[in-house]
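Undergrad: sharing a sequence plus its predicted fold:
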Amino acid sequence: MPHFAITKYDPAEDSTAGQEEYAKQTGCVVLNAVRREDDHELIGCPCGCEGVPVGRKATFLMGHDARLRGKLIRAHLTDTKVIQCTDGVRGSSRTAMSVASDYGDSFVDALKGADLRREGKNREVVQKALHSKRLVKVGRWQYTGQVAAIYSTPGGDEYEIEYVTKQGETRKVRVPASQTEEVSD
């Protein structure tokens with residue numbers, strides 16, 4: 001998957017080949033796996049590649065644990081559900097954190113770390129804002145959990161807004177004071 005942008009995320013891109021249409025219909029990431037016929041033990045790689053790991057104790061093909069971790073991080077950051085299929089039978093949709101817990105603490109820690117990296121950028125904006133003499137207001141965007149700091153410019157004819165995008169990038173925009181209006185909650 002190319003550069004990940006939350007606003008342009010398409011769960012079908014992270015889904016198993018052949019499941020893209022169902023992923024688009026449900027808005028979920030759809031991952032396939034297969035079972036061994038002799039003992040019904042799950043042997044397919046859980047990342048959705050439909051490959052079979054070599055060795056009875058292997059869970060993933062080499063490097064595919066990182067592939068699944070990446071898919072779960074993207075699903076987690078976009079609040080996208082994950083559907084795991086076994087032998088073509090679709091399971092129920094689950095949160096990425098729930099699926100990650102099936103594979104151990106390292107998967108759960110990776111999802112929590114992704115949240116912290118984004119929140120870390122928010123903390124940087126707040127710390128910078130609190131030490132500025134130009135600060136007008138620091139606010140939290142309720143619908144995204146992001147922080148915005150608003151500064152007055154030296155001339156007072158513009159406001160500079162610093163915020164963190166969903167991708168974790170810090171951005172600044174300038175808004176003419178004449179285009180702003182006070183709104184009540």
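TA: Structure received.

Undergrad: what does the model give A114 for pLDDT?
TA: A114 is assigned a pLDDT of 84 by the prediction.

Undergrad: excluding its backbone neighbours, what's nearest it?
TA: In this structure, A114 finds its nearest non-sequential neighbour in I73, 4.7 Å apart by C-beta to C-beta, 6 or more residues apart in numbering. (Glycine included, C-beta is placed from N, CA and C.)

Undergrad: thinking the one you found is in contact with K112, fair?
TA: No: the criterion here is C-beta atoms under 8 Å, and I73 misses it with K112 at 10.1 Å.

Undergrad: doesn't G156 lie inside a helix?
TA: No: under the criterion used here (DSSP: H, G, I helix; E, B strand; the rest coil), G156 is coil, not part of a helix.

Undergrad: residue contacts, it?
TA: Contacts for G156 (C-beta atoms under 8 Å, 6 or more residues apart in numbering) come out as A177.

Undergrad: which phi and psi does it have?
TA: Phi and psi for G156, reported as degrees, to the nearest 10, are phi 80, psi 0.

Undergrad: against R174, how distant is it?
TA: Counting by C-beta to C-beta, to the nearest Å, the gap from G156 to R174 is 13 Å.
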